[in-house]
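Asker: here is my input; please provide its structure:
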Amino acid sequence: MLAMNLLVFFVAAVQIYSVAPVIHTLNYFETSSQVAKLPDYLEVAYVDGVQIQQFDSNHRETKVKHDWVNKITQDNPHFWKRETENSIRNEQVNKVNIEIAKKRFNQTGGLFTSECPLVKFISCAGVHMIQLMKGCEWDDETGDVDGSMHLIYDGEDFISFEAKTMTWIAAHPQAFITKLKWDQIDEYNEASKNYYTEKCPSDLKKHVSNGRDFLTRTELPKVSLLQKTPSSPVTCHATGFYPITSSLFWRKNGEEIHEDVEMGQTLPNHDGTFQTSVDLKVEVTPAAEREYECVFQLAGVSEDIVIKLDAGSILSNARIQEEQDRKKAVTIAVPLVVLALVAVAAAVLAKRLKSKQAKYSQASVSTDSEPISG
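Answerer: Model (predicted):
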């Protein structure tokens, strides 16, 4: 139940790294938690939205997700040793940070008291989480680079760092102590700026060069119409596409519509592709079938995928269940659930940053962590 609650929390929305085609990103997502069945610490890295590596506290070594990622060791044979050491160090720092944050927020009350309302049940029950998005971006046309860090504690913005301005931004009153401390550590700030604007972009450029064929590929999706009940909205669902830069929308009589339309989430699939959906509130009548159609557009592909509204092609709950049974998609192993949680958490953090461009940089990656102070 707790894992499901976390998944619901993470699935707030997506557009992971929705950036211009010439902007490349290297992002690390750290999740430190006290959640049962989740590793104490997970760290995943993405290049242009594609997962390239993973570390977790159960296995304690960095695992590569694609063969081309290993090419980076041609220039630096000790690259993965360094990455693993950094992850272990970050794991220890984040353990300390959770304990510091618990004291900072005075999280010692009992359940369902005035000090611990129902909305804070998970935190008060002793389950706490730190999420960190760190990374850099590189414009391969202008050569511009930038980087930043964004930290969230128990689902709330805490503090962030902008590399170009070397500015710490306290997003929560309890973070001002941390901001004051880190503002005064010149060596830490310089090391952070050097990492985000030099070391991280250097690694990013190597990954982009090594994985260019994979990262520039195009995969078209399967597009289906779904409906839970005859009175439910009709969902247009596209899955299996790459890259993430895409559009999915409904048209009426040839014109894109927004009324009675609800956009779904863009989520990562286990194979590195993506899925998204869009709902339309409509009564499926012969007249509506003549008027409405769902359209999918993918960056770099000139021809649209168009699916006409057709009652005969809509998959109902029963037909969806039949397909799931046929594919034996009945159980999901815990490790896959963990990966899904991390991937979606990454998506949510990315959107949080995008929605706050006036305050935070668009991308974020990794230097040695520093405790948030007691």
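Asker: please make it C-alpha for all contacts and neighbour counts, starting now.
Answerer: Will do.
Asker: report the mean per-residue pLDDT for the helix or strand harbouring residue 168.
Answerer: Following DSSP states H and E, one finds residue 168 within strand 167-170. Averaged across strand 167-170, the pLDDT comes to 90.
Asker: list the contacts for the closest residue to residue 57 other than its chain neighbours?
Answerer: Excluding its sequence neighbours, the residue lying closest to residue 57 (CA to CA, 6 or more residues apart in numbering) is residue 41, at 5.2 Å. Residue 41 is in contact with 30-33, 56-57, 91, counting by CA atoms under 8 Å, 6 or more residues apart in numbering.
Asker: could the residues you listed go into CSV alongside secondary structure and distance to residue 83?
Answerer: CSV is the format used below for the contacts of residue 41 (DSSP: H, G, I helix; E, B strand; the rest coil; distance: CA to CA, whole Å):
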residue, secondary structure, distance to residue 83
30, strand, 13
31, strand, 16
32, strand, 17
33, strand, 21
56, strand, 12
57, coil, 14
91, helix, 12
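Asker: now list the buried members of those residues.
Answerer: Those of the contacts of residue 41 that meet the buried threshold are 30-33, 56-57, 91, by 16 or more other CA atoms under 10 Å.
Asker: from the residues you listed, which has minimum pLDDT?
Answerer: Minimum pLDDT across the buried ones among the contacts of residue 41 falls on residue 33, with 84.
Asker: who does it form a beta bridge with?
Answerer: residue 129 (DSSP bridges).
Asker: ok, residue 241 next?
Answerer: Going by DSSP bridges, residue 241 forms beta bridges with residue 274.
Asker: low-scoring stretches of this protein, by residue?
Answerer: 1-21, 108-126, 317-374 (pLDDT under 70).
Asker: so who does residue 289 touch?
Answerer: Counting by CA under 8 Å, 6+ apart, residue 289 has contacts 308-311.
Asker: dump these to TSV, plus secondary structure.
Answerer: Below are the contacts of residue 289 laid out as TSV (DSSP: H, G, I helix; E, B strand; the rest coil):
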residue	secondary structure
308	strand
309	coil
310	coil
311	helix
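Asker: tell me the first helix or strand C-terminal of the strand holding residue 168.
Answerer: Assigned by DSSP H and E, the successor of strand 167-170 is helix 176-183.
Asker: how about that following helix, which residues are buried there?
Answerer: So helix 176-183, judged by 16+ other CA under 10 Å, has buried residues 176, 178-179, 182.
Asker: for residue 83, which non-adjacent residue is spatially closest?
Answerer: Closest to residue 83 by CA to CA, 6+ apart is residue 62, at 7.0 Å.
Asker: what's the neighbour count on the one you found?
Answerer: Applying other CA atoms under 10 Å, we find 20 residues neighbouring residue 62.
Asker: ramachandran coordinates for it?
Answerer: The phi/psi pair for residue 62 (degrees, to the nearest 10) reads phi -80, psi 130.
Asker: is it true that it touches residue 79?
Answerer: No - look at residue 62 against residue 79 with CA atoms under 8 Å: they stay out of range, at 10.4 Å.
Asker: ok, back up a step: against residue 90, how distant is the residue nearest to residue 83?
Answerer: With the distance defined as CA to CA, to the nearest Å, residue 62 ends up 13 Å from residue 90.
Asker: show me the contacts for the residue nearest to residue 83.
Answerer: 53-56, 80, 83-84.
Asker: closest to residue 197 out of the residues you listed?
Answerer: Among the contacts of residue 62, residue 83 lies closest to residue 197 (CA to CA), at 17.9 Å.
Asker: that closest one in helix, strand or coil?
Answerer: helix.
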